[in-house]
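Colleague: What shape does this take:
(one chain, ligands or ions: 1)
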Amino acid sequence: MNYIVFPTAQNAVEKIAQEFELYSQLNRPVHISLSGGSTPKLLFKTLAQAPFNTSIKWKNLHFWWGDDRMVPPQDPESNYGEVQKLLFDHIQIPAENIHRIRGEEPVESELKRFEQELSAVIFDGVFDWIILGMGSDGHTASLFPHQTNFADLNLAVIAKHPESGQIRISKTVKLIEQAKRVTYLVTGAAKAEILKEIQSTPAEQLPYPAAKIKAKNGVTEWYLDKEAAALL
Ligand SMILES: O=C1O[C@H](COP(=O)(O)O)[C@@H](O)[C@H](O)[C@H]1O
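Modeller: From the prediction side, this is the model:
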């Protein structure tokens, strides 16, 4: 497990924000996939403030999501809606740089539309950077233990949360693994136990998608805060 421990979650997200700034200086479109849930909210708040709100050349960054829930953007469960509220409403970014999953649409037609957009925009299927989170059950994006098809050749898939039954759309394992860079951002004491298990057990023996999904031809890294890394 290739990991960096930051003293605080704020330090971890500032490192990611600095890297956004560097990517934005490449002066070409850079495709970044964001994670959802609670962990990255601090990142979005940090990016919305000085210096990053103006130092990042937002017109060069394109944003996608690893997964989203089939709810409208106004719903607090919407991964896109949270980024809109915490970040996009506070910066100058062209609307065409935002490639959201439309959670308010019927799931089957949205899956097709999202896959078409992915194929049309990301010609080779290779993202510059995919930032992921990890649930305390070991899921990442909406790829859950015991229900993830690791051989799925599609770009995106419909998933059902195993407890709530909530319907979602997720990038597939294949699409994530083609990325140039995959970064898991994991913070807080609630993730300490599972991180220890992932570090000490071969991934093949674990049911956790987050333990198994890695960039096949790129870098995979884990950005942790001290609390999440407490048992490593
Ligand atoms: O359901 C989800 O959970 C994971 C982890 O979320 P967190 O609240 O523990 O940070 C997240 O990566 C994923 O995008 C989200 O839909």
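Colleague: ok, the residue nearest to Leu143 when sequence neighbours are not counted to the ligand distance?
Modeller: Spatial nearest neighbour of Leu143, excluding adjacent residues (C-beta to C-beta, 6 or more residues apart in numbering): Pro209 at 4.2 Å. For every residue, glycine as well, the C-beta is placed using N, CA and C. Relative to the ligand, Pro209 is positioned 11 Å away (C-beta to the nearest ligand atom, to the nearest Å).
Colleague: which ones are touching Pro209?
Modeller: Residues in contact with Pro209 (C-beta atoms under 8 Å, 6 or more residues apart in numbering) are 138-141, 143-145, 148, 173.
Colleague: ok, now with 10 Å
Modeller: 132, 134-135, 137-148, 150, 170, 173, 176, 203 (C-beta atoms under 10 Å, 6 or more residues apart in numbering).
Colleague: List phi and psi for it.
Modeller: For Pro209, the backbone dihedrals (degrees, to the nearest 10) come out as phi -50, psi -40.
Colleague: try the one 4 residues further on
Modeller: Per-residue torsions, Ile213: phi -80, psi 120 (degrees, to the nearest 10).
Colleague: So what's the predicted local confidence for it?
Modeller: You'll see Ile213 listed with a pLDDT of 98.
Colleague: For the remainder of this discussion, apply numbering that starts at 21.
Modeller: Okay, residue one is now 21; in that scheme the one you just asked about reads as Ile233.
Colleague: Number of residues surrounding it?
Modeller: 25 (other C-beta atoms under 10 Å).
Colleague: Could you tell me which residues make contact with it?
Modeller: So Ile233 contacts 150, 152, 160-161, 163, 168, 170, 191-194, 196-197, 202, 204, 223, 240 (C-beta under 10 Å, 6+ apart).
Colleague: Check the gap between it and Leu63 for me.
Modeller: Distance from Ile233 to Leu63, counting by C-beta to C-beta, to the nearest Å: 20 Å.
Colleague: Against Glu128, how distant is Leu205?
Modeller: Where Glu128 is concerned, Leu205 sits at a distance of 31 Å (C-beta to C-beta).
Colleague: Could you check which of the two has the larger neighbour count?
Modeller: Neighbour count, other C-beta under 10 Å: between Leu205 and Glu128, Leu205 has more, with 25 against 9.
Colleague: Doesn't the more buried one belong to a strand?
Modeller: Yes - under DSSP: H, G, I helix; E, B strand; the rest coil, Leu205 falls within a strand.
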